[in-house]
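In: Okay, here's the prediction I keep looking at, along with the sequence it came from:
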Number of protein chains: 2
Amino acid sequence: MDRAETMTPHDLVPDAAPSPGIDLAQLRVRAREVSGLLKLLANPGRLLIACELMDGERTVSEIEQRTGVRQPNLSRDLARLRAAGLAATRRDGKAVHYRLKDSRIQLLMTALCAAFASDLKSSSVASKDTLS
Amino acid sequence: MDRAETMTPHDLVPDAAPSPGIDLAQLRVRAREVSGLLKLLANPGRLLIACELMDGERTVSEIEQRTGVRQPNLSRDLARLRAAGLAATRRDGKAVHYRLKDSRIQLLMTALCAAFASDLKSSSVASKDTLS
DNA sequence: TATCAATTTTGATAAATGATATATGTGAGG
DNA sequence: CCTCACATATATCATTTATCAAAATTGATA
């Protein structure tokens, strides 16, 4: 296929780090943990769930309606978020309210918004997952 | 098991959005695309690879040495990054140099650094993946 | 050709996913 | 108290996808 196709001359890309002062050390050391967090968001359904929770507390049924993720799968995904310490719950009668608990996921979601917000140059990064 | 166990009173968590002005609309609309990008980083090896490329251009062998990802797997992961339009290559004799191409992955990596940099309260988000 | 660098392929195993069925837990009425 | 309906949780299963290691392949240089 197209192995090393682009072949751009190096001169066009200064070899320096793009963002000068960022500290990658923690990321390297905790690569497992970080990638685990990313994996939780690396699914269209769970990403939509996270979007919902960014708006504040939401009931399971509310999330189901608004994301289209089917209830059993939704419940499973919410359980995953809880197990990872990213979400917490509160029961009010029959309904269970979910909310985000961990600040890192909020930082991350905010960064994602910044990266994709007014980003018209949509790339080819795609996924084959369906939506539950 | 422990269904809705935490039961924290709602009062402790104001229902308002944590970050006021962020625009989740794009994230929702492009959930597939975004989760596809996240999936690429949602693996310890690939995350380490991305860390390397944040520092600038790197040869495949350099990345192999520094990340410990075995060469055939490394090559496949780099190919994924290329296919997603996130990385570009330049050949110099036998060596192929990789570099990051897309600004979104850089924003994302920077955000990850910010989220995990001086974050001592390590959570239980973990992954079972090994390192290639 | 011999050799080193990088890529692709293959096969085995594990994990995620989506669908469906079933169970639990809670409040409302009888 | 008992049962029903509703909200949520869990179990299970078939299918897809990701993972890693090992082997075979291509590319470039000496």
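Out: Sure thing, it's come through. Bear in mind the structure is a predicted one, so any value in this text is a computation, not a measurement. Numbers count the residues shown, from 1 in each chain, chains lettered A, B, ... in the order given.
In: Residue A:35 - how many residues pack around it?
Out: A count of nearby residues for residue A:35, using other C-beta atoms under 10 Å in any protein chain shown, gives 26. Any C-beta I mention is one placed from the backbone N, CA and C, and that applies to glycine too.
In: In terms of helices and strands, where is it?
Out: helix A:31-41 (DSSP states H and E).
In: Please see if that helix touches DNA strand C.
Out: Yes - against DNA strand C, helix A:31-41 shows contacts by C-beta under 7 Å from any atom of the strand at residue A:39.
In: And the contacts of that helix?
Out: For helix A:31-41, contacts defined as C-beta atoms under 8 Å, 6 or more residues apart in numbering or on different chains pick out A:27, A:46-47, A:50, A:80-81, A:84, A:86, A:104-105, A:108-109, A:112, B:35, B:38-39, B:41-48, B:51, B:112, B:116, B:122-123, B:125-127, B:129.
In: and the residues you listed, which are buried?
Out: Judged by neighbour count, with 16 or more other C-beta atoms under 10 Å in any protein chain shown as the criterion, the buried members of these are A:27, A:46-47, A:50, A:80-81, A:84, A:86, A:104-105, A:108-109, A:112, B:35, B:38-39, B:41-48, B:51, B:112, B:116, B:123, B:125, B:127, B:129.
In: Those in helices, which ones?
Out: Counting by DSSP state H, these place A:27, A:46-47, A:50, A:80-81, A:104-105, A:108-109, A:112, B:35, B:38-39, B:41, B:44-48, B:51, B:112, B:116 in helices.
In: So which of those residues reach DNA strand D?
Out: B:39, B:44, B:45.
In: where does chain A dip in pLDDT?
Out: Along chain A, segments meeting pLDDT under 70 span A:1-20, A:119-132.
In: and if we set it to 90?
Out: Of all residues in chain A, those with pLDDT under 90 make up the ranges A:1-23, A:102-103, A:114-132.
In: From what I see, residue A:52 and residue A:63 are in contact.
Out: Yes - using C-beta atoms under 8 Å, residue A:52 is in contact with residue A:63, at 5.1 Å.
In: and residue A:114, how many neighbours does it have?
Out: Neighbour count of residue A:114, defined by other C-beta under 10 Å: 17.
In: what does the one 3 residues further on give?
Out: Counted with other C-beta under 10 Å, residues neighbouring residue A:117 total 13.
In: can stretch A:106-115 be found next to chain B?
Out: Yes - contact of stretch A:106-115 with chain B (C-beta under 8 Å from any C-beta of the partner chain) involves A:106, A:107, A:108, A:109, A:110, A:111, A:112, A:113, A:114, A:115.
In: contacting residues for the closest residue to the second one other than its chain neighbours?
Out: Spatial nearest neighbour of residue A:107, excluding adjacent residues (C-beta to C-beta, 6 or more residues apart in numbering or on different chains): residue B:115 at 4.3 Å. In this structure, residue B:115 makes contact with A:103, A:104, A:107, A:108, A:111, judged by C-beta under 8 Å, 6+ apart.
In: quick one: the fourth one and DNA strand C, what's the gap?
Out: Pointing back at residue A:108 there. To DNA strand C, residue A:108 is 17 Å away according to C-beta to the nearest atom of the strand, to the nearest Å.
In: State whether that residue and residue B:112 are indeed in contact, as I suppose.
Out: Yes - contact criterion C-beta under 8 Å: residue A:108 and residue B:112 qualify, at 7.1 Å.
In: Now that residue A:60 has come up, it's in contact with residue A:76, right?
Out: No - Residue A:60 is beyond contact range of residue A:76, at 11.4 Å (criterion: C-beta under 8 Å).
In: So which of these two has more stuff around it?
Out: Between residue A:60 and residue A:76, residue A:60 has the larger neighbour count (other C-beta under 10 Å), namely 17 against 12.
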